[in-house]
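1. coordinates only, sequence not included:
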């Protein structure tokens, strides 16, 4: 389903209708699932768009290992989204922030799974469930991104 | 007590509590006592003051960690926000957020 929602009510209707919708605030023109160097601090380690501390990597950083509480962050509730969106705005003053979203039950790539954060209501990780090469994870994250829908400049509706 | 996922989170939050000369935040962060409505509200306010302080700090100085303010604040919003919510003060967290 690719659809542009214009109001929060539209999005809330989807949240009611479907069990879990996963959302990620993203600075306009940034990638929804990968990071650019200019999106991160100078000393931060980024490999092919992956922030290495987000994932459980092998010592040589070539493999991504399964971990059910590490991965890419998503919000599943309006409450969580609002906080994360505010944080994104604070760090990127003057820039529009979009919300990319996907349904939990969407057809995500094999070896990946959305898992609820055990310590934070409304926060999910897109995790890996099997050992995979880092470049494979990058391909899978690009695949997920292509299937995400977007609400442009969502600050107006939150 | 707050359960941090990364050890750097605790160092980060204490570093900025000291930058802000916020002894009350430091004492709430270190305390084993359950949060109250008042301390939950204070901790929520402290979180956002820490965010602003770390953004300003990063403009002029290098943080003592390779990762930037945005990375650590993303982690801490889950650790601190989660702690406040699990303690039963999600409304207080929201009220502070809405007041920003």
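-> Looks like it arrived, so ask away. Please read all numbers here as calculations on a predicted model, not as lab measurements.

2. Relative to chain A, which residue of chain B is the closest?
-> For chain B and chain A, the shortest gap (C-beta to the nearest C-beta) falls at residue B:68, measuring 2.6 Å. Backbone N, C-alpha and C define where each C-beta goes, glycine included.

3. Give me the phi and psi angles of the closest residue to chain B within chain A.
-> Nearest residue of chain A to chain B: residue A:41, at 2.6 Å (C-beta to the nearest C-beta). Torsion angles at residue A:41 (phi, psi; degrees, to the nearest 10) stand at phi -70, psi 160.

4. residues touching it, list them.
-> Going by C-beta atoms under 8 Å, 6 or more residues apart in numbering or on different chains, residue A:41 touches B:58, B:63, B:66, B:67, B:68, B:69, B:70, B:71.

5. hang on, the residue of chain B closest to chain A packs against residue B:55?
-> No: the criterion here is C-beta atoms under 8 Å, and residue B:68 misses it with residue B:55 at 9.4 Å.

6. So for the two, which sits in the more crowded spot?
-> residue B:68 (21 against 17; other C-beta atoms under 10 Å in any protein chain shown).

7. okay, residue 17: pLDDT?
-> Assuming you mean chain A. We note a pLDDT of 67 for residue A:17 in this prediction.

8. Chain B was what I was after
-> pLDDT, residue B:17: 97.

9. Where does it sit: helix, strand or coil?
-> Under the three-state scheme (DSSP: H, G, I helix; E, B strand; the rest coil), residue B:17 adopts helix.

10. residues near it, how many?
-> Neighbours of residue B:17 under the rule other C-beta under 10 Å: 22.

11. Averaged pLDDT, the longest helix seen in chain B. What do you get?
-> Counting by DSSP state H, the longest helix found in chain B is helix B:37-60. For helix B:37-60, mean pLDDT rounds to 96.

12. Now look at that helix and say if it contacts chain A.
-> Yes: applying C-beta under 8 Å from any C-beta of the partner chain, one finds helix B:37-60 touching chain A at B:51, B:52, B:55, B:58.

13. helices and strands around that helix, which ones?
-> Here helix B:37-60 is seen to pack against helix A:78-91, helix B:7-19, helix B:23-30, helix B:69-86, helix B:90-99 when contacts are counted using 3 or more C-beta pairs under 8 Å, 6 or more residues apart in numbering or on different chains; DSSP states H and E.

14. would a markdown table of the ones you listed with distance to residue A:33 be doable?
-> Shown next, in a markdown table, are those (distance: least, C-beta to C-beta, whole Å):
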| stretch | distance to residue A:33 |
| --- | --- |
| helix A:78-91 | 15 |
| helix B:7-19 | 23 |
| helix B:23-30 | 33 |
| helix B:69-86 | 15 |
| helix B:90-99 | 26 |
